[in-house]
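Q: A structural model of the following input is requested.
(4 chains)
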Protein chains: 2
Amino acid sequence: MTSRDRLGTSGREAPRRADVYDQCVTEQATRAVAAKRPLRRDAERNRRRILEGAAAAFAEQGLDVTTDEIARRAGVGIGTFYRRFPTKELLIDALFEDRIGKLAELAEECLRAEDPWLGLVAFLDQATARQVADRGLKELVFSTAHGRARIAADRDRIGPLFMALVERAQDAGALRPDVAGTDVALIQLMLTAVADFTRDVAPESWRRFLALVVDGLRTDRAAPSPLPQPALAPGQITQVMACDRPHGR
Amino acid sequence: MTSRDRLGTSGREAPRRADVYDQCVTEQATRAVAAKRPLRRDAERNRRRILEGAAAAFAEQGLDVTTDEIARRAGVGIGTFYRRFPTKELLIDALFEDRIGKLAELAEECLRAEDPWLGLVAFLDQATARQVADRGLKELVFSTAHGRARIAADRDRIGPLFMALVERAQDAGALRPDVAGTDVALIQLMLTAVADFTRDVAPESWRRFLALVVDGLRTDRAAPSPLPQPALAPGQITQVMACDRPHGR
DNA sequence: CCAGAAGCGGAGGGCATCTCTGCGGTTCGA
DNA sequence: TCGAACCGCAGAGATGCCCTCCGCTTCTGG
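A: Numbering: from 1, shown residues only, chains lettered A, B, ... in the order given. Modelled structure (predicted):
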């Protein structure tokens, strides 16, 4: 408390955070153009390292990785970390600012696919793949806990796209009519849950369950498409359970 | 360290824990018969309260609830809690000792169902329902972190039953042939993930996705069974994301 | 080449959480 | 009625995490 109060006569926290936020995020966006006062070369190199290390750490372990761990992976001291990104939240913003927007773009792309059904399936496949590859992204998609303005806006943008993907496939007669746009989101949630569980022993096995669900979604009930990926062996299941991760994560 | 060493000349921890374990768990099982030295009436009443409060707490919040929370719900002091159950782990054992065994029994029952396919579907439905109703049970099923001997044994018992359920439905020609026993476990994992997410706004909506998956599992591809439960509204999704729970839990 | 500004790293402060204990006072039951 | 058993709670002790402080190092403009 005391040390923080000592920082400025303003005393209040929120304004200070806002200043820092502008300084940090907008600077990042405009520095290449304005070049107001470029970072010293070593500092810039460390900033890059932190960004890279954090990206890897968030992808592998989710947004809960500690700042110490990020600094360690980046090969810098914790002090250096906090000089560049005065708050962990700021770093998350800088890193993921465009990632969710990219998911929306993917949806738009799939909306333009020639075959509406294949467009929907492609979206499910690729959107899930991205979230499986990056746990941080998944957490950002499914929780508002960390998002700031920009990220929240992208989230809002994506809901209607789900609905459009669904309706288009239904109009084409390929998708069962009782599916809703929100189901698309929850299907991704289901699949990432499997992926989180099996990641260490069979990282691709979630695709097996995507195929299963997709077969449940289509109206053309001719013949089931064969399941990709081998099923897990019983031993693999116990192996996964053995490594003590926080429950359910 | 010091206070614990002071407790006994034996000094070692493990033996002491084992003693307490016997005293606590086997006493519970045999007291009604042997009645060696019954608890005082108030003590017995509190023990019951703790068991009940803990059952409710574990069911709602998972095995990570704090001992303080359990004591609070039981309406007893934390000291009383620790007199009855010297370790949180012991309480978990006492409470869940038979729960996983019951899941195995359910599987055996479904194996005896007249229609193999309906037996499999019934198992998926009911086993998932139990885990949705009790988060603690789910965590115990999918992680060895908390289990002791008895619980581990029940877990081993259940794997072959999955396989039998699957083979029997396949032999009857109702289940697609490329499904494996382990898939049954992972399907439950998927569904409980949905349930964990939607629990607060639409606790039954996981059944929608069970229906979807079941339609993907069957070989009879005549017509999809209609999805039960209304789809979530877009607003419900954002509502769930808003309440800040630990990520992914 | 050098002075001093900018940056570096990591020990540790502060805080929150959680499990479990010590102990003064209370309640039960023979 | 008396003593053993029991109660509850304040808090010890452990851990984990975010973030700061500050002595030392590295860069860079003149």
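Q: for the spatially most central residue of chain A, what are its contacts?
A: With distances taken as CA atoms, centre = their mean, the residue of chain A nearest its centroid is A:Leu137 (0.9 Å). Contact analysis of A:Leu137 by CB atoms under 8 Å, 6 or more residues apart in numbering or on different chains lists A:59, A:96, A:99-100, A:103, A:130-131. Heads up, the C-betas are built off the backbone N, CA and C, glycines and all.
Q: what about 10 Å?
A: A:58-59, A:62-63, A:95-96, A:99-100, A:102-103, A:127, A:130-131, A:192 (CB atoms under 10 Å, 6 or more residues apart in numbering or on different chains).
Q: Could you single out the nearest of those to A:Ala180?
A: Proximity to A:Ala180 was ranked across the contacts of A:Leu137 by CB to CB; first place goes to A:Ala127, at 16.7 Å.
Q: My guess is the closest one contacts A:Arg99. True?
A: No: in this structure A:Ala127 lies outside contact range of A:Arg99 using CB atoms under 10 Å: 11.6 Å.
Q: Which one's more surrounded, the two?
A: A:Ala127 (26 against 17; other CB atoms under 10 Å in any protein chain shown).
Q: Mind jotting down where the helices sit in chain A?
A: Assigned by DSSP state H, the helices in chain A fall at A:2-5, A:13-21, A:27-34, A:41-61, A:67-74, A:78-84, A:88-96, A:99-111, A:116-133, A:135-142, A:149-171, A:181-198, A:206-217, A:234-242.
Q: weakest of these by average pLDDT?
A: Across the helices of chain A, the stretch with the lowest average pLDDT is helix A:2-5; it has a mean of 31.
Q: and chain A, which residues reach DNA strand C?
A: Counting by CB under 7 Å from any atom of the strand, chain A comes close to DNA strand C at A:1-3, A:39-40, A:42-43, A:45-46, A:75-80, A:82-84.
Q: Of those residues, just the buried ones, PyMOL syntax please.
A: Entered in PyMOL, the line below selects the buried ones among the residues of chain A next to DNA strand C, by 16 or more other CB atoms under 10 Å in any protein chain shown:
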select buried, chain A and resi 46+76+80+84
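Q: out of the residues of chain A next to DNA strand C, who's near DNA strand D?
A: Among the residues of chain A next to DNA strand C, DNA strand D is touched by A:3, A:40, A:42, A:78-79, A:82 when using CB under 7 Å from any atom of the strand.
Q: how close does the residue nearest to the centre of chain A get to DNA strand D?
A: 18 Å (CB to the nearest atom of the strand, to the nearest Å).
Q: what do you get for A:Pro86?
A: Computed as CB to the nearest atom of the strand, the A:Pro86 to DNA strand D distance reads 6 Å.
Q: Domain boundaries for chain A, per the record?
A: Annotated domains of chain A cover A:2-96, A:99-242 [automatic domain parsing].
Q: now, of the ones you listed, which is deepest in the fold?
A: domain A:99-242 (a mean of 19; mean count of other CB atoms under 10 Å in any protein chain shown).
Q: ends of it, how far apart?
A: The straight-line separation of the ends of domain A:99-242 (CA to CA, to the nearest Å) is 33 Å.
Q: try stretch A:230-239
A: The straight-line separation of the ends of stretch A:230-239 (CA to CA) is 16 Å.
Q: Can you give the contact residues for it?
A: With CB under 10 Å, 6+ apart as the criterion, stretch A:230-239 contacts A:194, A:197-198, A:200-202, A:204-205, A:208, A:240, B:142, B:144, B:152, B:155-156, B:159-160, B:162-163, B:166, B:178-183, B:185-186, B:189.
Q: just checking: which of those also lie near DNA strand D?
A: Checked against DNA strand D using CB under 7 Å from any atom of the strand, the contacts of stretch A:230-239 give no members in range.
Q: Would you mind telling me which of the domains of chain A is nearest B:Ala71?
A: Between B:Ala71 and the domains of chain A, the shortest gap by CB to CB is with domain A:2-96, which sits at 27.8 Å.
Q: one step back: list just the nearest of the ones next to DNA strand D among the residues of chain A next to DNA strand C to B:Phe123.
A: Of all those, A:Ile78 has the smallest distance to B:Phe123: 50.7 Å, by CB to CB.
Q: If you drop the residues flanking it in sequence, what lies closest to that closest one?
A: Beyond its immediate neighbours in the sequence, the residue positioned closest to A:Ile78 (CB to CB, 6 or more residues apart in numbering or on different chains) is A:Ala71, lying 4.6 Å away.
Q: Over to A:Val132?
A: Leaving out its chain neighbours, the residue that sits closest to A:Val132 by CB to CB, 6+ apart is A:Ala195, at 4.2 Å.
Q: and what of A:Ala107?
A: Excluding the flanking residues, the one nearest A:Ala107 by CB to CB, 6+ apart is A:Leu161, at 3.9 Å.
Q: That neighbour contacts A:Ile100, correct?
A: No: counting by CB under 10 Å, A:Leu161 does not reach A:Ile100; the two are 11.9 Å apart.
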